[in-house]
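> Quick check, what structure comes out for this input:
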Amino acid sequence: VDHSADANNSYDARPSPSFVARPAFNQDASFSLGSPLTCVDISPDGMHAVVAGDKIFKTLEINGDKITEQYDLRAAIRNPGDASSSSSSTNEPSRIGHIRWSHGELATTIITAATTGRIATYDLNRLNSGFEIGRITENKRQVHKLAINPLRGNLLLTAGQDGTVRFFDIKVPANRPTATFIRRALYPGNNEAVRDVKWSPIRGFEFACSTANGTVMHWDTRNTRAPLLKINAHDGACLSISWHPDGEHIVSAGLDHQCYVWNLGEGANKRQKPKYSFSTPAPVSIVSWRPPSWSGSAQALRASQVVTVYNDENSLKTQNLTVNVWDLARPGLPFKEITHHETSPTGMQWQNTDILWTVSREGVFRQNDLAYAPKVIDRVPLSEFAISPAGEVLILLEERQQKQQRHPPPPPLTPHEKLVLPSSRLSMSNPSPSGTQLGMSRSDSEEDTGGSFLGPKMRLKRKKKSPSRTRTTPQPDLEVMKLEEALRVGGQFSPGQT
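Numbers count the residues shown, from 1 in each chain. Here you go, the predicted model:
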């Protein structure tokens with residue numbers, strides 16, 4: 001693999017996803033790799049993906065709805081010129097179960113966890129010689145998840161089948177071409193397999209993990225004796241967790257068909273009940289908060305939606321290939337759904353608040369544009385009938401209101417057209433200086449959920465602000481609203497009957 005032509009390639013220039021202008025057309029796309037996939041991650045610049053599986057380890061370049069293969073990393077590992085390996089048997093890559101792409105000064109470093117427990121780090125700048133730059137060999141059982149610290153790209157957590165979370169510094173010393181990393185700390189997982197681990201998004205020394213017996217634990221890396229908080233969260237395995245961007249809440253999901261939102265803020269009670277919850281149609285294998293988007297009424301970033309992927313390996317009775325988007329403002333019904341997967345996704349990664357990447361056992365990388373995903377409530381039948389024991393028939397009919405198109409369809413982007421953030425008021429359809437229709441996503445805003453989903457009579461709670469201080473575009477220094485405030489601003493569903 002020739003990497004010399006890309007010596008100056010930089011992967012560490014990702015803009016904040018919340019401020020990215022998007023074209024006003026559907027960006028759904030797919031790319032077949034021909035072999036089962038298990039995991040996916042995103043480059044720091046947000047324009048590349050790394051995918052892996054049984055026989056696949058490659059990077060892809062994503063430009064709008066155009067997806068192209070970039071590098072075959074598996075071939076680079078098997079290359080006899082790889083100075084980090086001594087034999088062909090060692091060179092043969094194992095099945096990769098999880099993968100992470102680092103950032104910052106390690107922006108060209110990719111970390112893989114094999115199902116055998118072996119962890120390896122690779123440097124994209126060394127594809128021609130010594131591609132593997134480090135390894136971790138102390139895990140004797142499967143490593144389920146890897147987590148890179150969001151503030152320091154050299155700090156790694158591993159969640160293992162052996163019931164532990166291990167903490168590593170994966171920065172290779174300057175005077176050594178390769179390294180075998182030794183753990184800095186070990187955190188017990190209550191004698192149960194640790195199925196997921198995630199760093200706090202705002203406190204670089206805290207993390208949370210979930211176990212096979214349904215426990216969620218909140219740790220401080222400086223104390224290995226006991227967690228800050230331990231919650232008996234689920235009846236059965238808790239397979240996935242995700243921090244809310246406010247850093248004070250976490251959503252957990254598992255085999256019991258439940259998703260719970262817990263408070264991990266200061267003074268949180270270990271005997272607490274979930275602050276929010278909703279039931280899912282099948283066991284959940286992956287759960288994730290949708291990235292925050294701009295709220296014009298609150299003049300802030302808000303995040304109140306959760307995406308779930310279902311586990312289709314346990315029972316044929318509960319198989320569900322749909323990816324659901326849930327809004328906590330109305331947890332009894334999914335907000336949107338993605339239905340074009342042939343098998344349930346095995347990996348998921350956000351590119352921004354609208355674009356969700358998924359991979360699956362069918363060997364397909366999919367880019368899903370949630371701005372154009374259908375609302376579940378718009379597909380719910382509005383007619384129903386019932387027959388009484390006496391033979392009487394009751395029929396209920398309601399006419400579905402037709403949506404009005406507010407804007408004409410925009411012209412398509414040319415392949416080389418650069419997206420520029422408009423300076424005018426951002427909406428779903430605003431012209432850029434080049435004439436291309438661009439805009440900020442509204443698919444997670446109160447304007448989008450406040451129609452049929454939360455009820456046509458719902459009045460949004462808007463903050464009163466001075467006209468001179470009202471902003472129509474997000475500012476880079478804004479923090480994400482607290483979860484409770486985000487729900488108050490958007491309003492919550494109230495049934496029309498009691």
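
> Can you tell me how far Pro173 is from Phe181?
Counting by C-beta to C-beta, to the nearest Å, the gap from Pro173 to Phe181 is 11 Å. In short, each C-beta sits where N, CA and C put it, glycine included.

> Of those two, which one has the most company?
Higher neighbour count among Pro173 and Phe181: Phe181, with 19 against 8, using other C-beta atoms under 10 Å.

> Ser30: how many residues sit nearby?
So Ser30, with other C-beta under 10 Å, has 14 neighbours.

> before we move on, what about Arg361?
By other C-beta under 10 Å, neighbour count at Arg361 equals 18.

> if I pick it, what's in contact with it?
Pro36, Leu37, Thr343, Thr346 (C-beta atoms under 8 Å, 6 or more residues apart in numbering).

> That one sits in which helix or strand?
For Arg361, there is no helix or strand it lies in under DSSP states H and E.

> Check it and give its pLDDT.
We note a pLDDT of 93 for Arg361 in this prediction.

> Contacts only, for Leu255.
His234, Gly236, Ala237, Leu239, Pro283, Val284, Asn311, Asn314.

> Now list the buried members of those.
His234, Ala237, Leu239, Pro283, Val284, Asn311 (16 or more other C-beta atoms under 10 Å).

> and the gap between the fifth one and Ile56?
If you measure Val284 against Ile56 using C-beta to C-beta, the figure is 25 Å.

> Just the pLDDT for the closest residue to Lys375 other than its chain neighbours.
Take Lys375 and drop its neighbours on the chain: the residue closest to it by C-beta to C-beta, 6 or more residues apart in numbering is Lys336, 5.6 Å away. At Lys336, the predicted lDDT confidence score is 95.

> Quick check, Lys336 in contact with Ile377.
No - counting by C-beta atoms under 8 Å, Lys336 stays clear of Ile377, with 9.5 Å between them.

> Looking at these two now, which is surrounded by more residues?
A count of neighbours by other C-beta under 10 Å puts Lys336 above the other of Lys336 and Ile377, at 26 against 17.

> and that one, bridged to which residues?
Val325, Lys375 (DSSP bridges).

> Identify the residues contacting it.
Asn324, Val325, Leu370, Ala373, Pro374, Lys375, Val376, Ser443.

> Save those as a markdown table, and put in distance to Ala52 and neighbour count too.
Shown next, in a markdown table, are the contacts of Lys336 (distance: C-beta to C-beta, whole Å; neighbours: other C-beta atoms under 10 Å):
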| residue | distance to Ala52 | neighbour count |
| --- | --- | --- |
| Asn324 | 25 | 24 |
| Val325 | 26 | 21 |
| Leu370 | 24 | 25 |
| Ala373 | 26 | 22 |
| Pro374 | 31 | 11 |
| Lys375 | 33 | 19 |
| Val376 | 32 | 17 |
| Ser443 | 29 | 23 |
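
> export those residues to a markdown table and tack on pLDDT and distance to Leu228?
Converted to a markdown table, these look like this (pLDDT from 0 to 100; distance: C-beta to C-beta, whole Å):
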| residue | pLDDT | distance to Leu228 |
| --- | --- | --- |
| Asn324 | 96 | 31 |
| Val325 | 96 | 31 |
| Leu370 | 94 | 34 |
| Ala373 | 93 | 37 |
| Pro374 | 91 | 41 |
| Lys375 | 91 | 39 |
| Val376 | 90 | 37 |
| Ser443 | 50 | 35 |
